[in-house]
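Novice: any chance you could fold what I've pasted below:
(one chain, ligands or ions: 1)
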Amino acid sequence: MKYINPVKGRGLFAKGAFCKGDFEYRGDMINDAELQRRRKCYHASCAAFMFDFNWRGKTWCVDASREDGSFGWIVNDHKHPNCKMKKIDVNGKPHLCLFALDDIKGEEIAYDYGGEDYPWRTQITSVAVKTSAASASDPSLQLETQMDDESAPINSPQQVCSHSSLKI
Ligand SMILES: C[S@@+](CC[C@H](N)C(=O)[O-])C[C@H]1O[C@@H](n2cnc3c(N)ncnc32)[C@H](O)[C@@H]1O
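Specialist: You can find the predicted model right below:
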């Protein structure tokens, strides 16, 4: 894990071979009612780690706002990602696991959060402009340069912070 820049925050980078088991999106598994309750009382900085998804006709959420030593919660969004988040059935319960789409070594691990209008895909902020020079020389910062007019999210880590209202 390393700090990237003030807009994107932290991200996860592959040091060695990608191991899917290391990147389960872990946290409290909660139902829709509890999701709505927590959303009302969470600060945006915590709400950004709630990943809601549909499972067998109902809404569920993995609340990863409490750090537990796992790394799935730190993985950032990219519209051309090197990983895919999949729902895996383990003994009848859903687990969110990241799978590599390509060989990954050294680069930032990312997956598509699944939306259309995340602010970082649609806006060039003053901070992004300020960091663009650094991005050109540091490969770890180059996701920042790929912001565009793509889509808005439904599930996955959502952004309820300063930009808009959504989040995984
Ligand atoms: C699950 S967190 C990922 C970890 C986060 N970067 C951190 O430092 O805690 C999701 C948040 O990361 C940020 N984020 C994710 N992907 C991004 C991207 N491609 N560009 C800018 N910010 C991003 C957004 O603030 C989003 O709400």
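Novice: and V90, what pLDDT?
Specialist: Listed pLDDT for V90 reads 90.
Novice: F99 falls within a helix, correct?
Specialist: No - per DSSP: H, G, I helix; E, B strand; the rest coil, F99 lies outside any helix segment and is strand.
Novice: wait, it sits on K86?
Specialist: Yes - using C-beta atoms under 8 Å, F99 is in contact with K86, at 5.8 Å. Glycine gets a C-beta too; all of them are placed from N, C-alpha and C.
Novice: could you pull out the helices for the protein?
Specialist: 32-41, 44-47, 119-122, 126-137 (DSSP state H).
Novice: now the first one: buried residues?
Specialist: Spelled out, that is helix 32-41. 35, 38-39 (16 or more other C-beta atoms under 10 Å).
Novice: in TSV, list the residues you listed along with distance to the ligand and pLDDT.
Specialist: Putting these into TSV (distance: C-beta to the nearest ligand atom, whole Å; pLDDT from 0 to 100) gives the following:
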residue	distance to the ligand	pLDDT
L35	15	96
R38	15	96
R39	14	94
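Novice: just the C-alpha atoms of stretch 1-14, please, in PDB.
Specialist: The C-alpha coordinates for stretch 1-14 follow below in PDB (Å, rounded to 0.1, in the frame of the first residue of the first chain):
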ATOM      1  CA  MET A   1       0.000   0.000   0.000                       C
ATOM      2  CA  LYS A   2       1.300   3.500  -0.700                       C
ATOM      3  CA  TYR A   3       0.100   7.000  -0.800                       C
ATOM      4  CA  ILE A   4      -0.500   8.300  -4.300                       C
ATOM      5  CA  ASN A   5      -1.800  11.800  -4.200                       C
ATOM      6  CA  PRO A   6      -4.300  14.000  -2.300                       C
ATOM      7  CA  VAL A   7      -7.200  13.300  -4.800                       C
ATOM      8  CA  LYS A   8      -6.800   9.500  -5.000                       C
ATOM      9  CA  GLY A   9      -5.400   8.900  -1.500                       C
ATOM     10  CA  ARG A  10      -3.800   5.500  -1.000                       C
ATOM     11  CA  GLY A  11      -3.600   2.600  -3.400                       C
ATOM     12  CA  LEU A  12      -2.400  -1.000  -3.600                       C
ATOM     13  CA  PHE A  13       0.600  -2.000  -5.700                       C
ATOM     14  CA  ALA A  14       1.700  -5.500  -6.600                       C
END
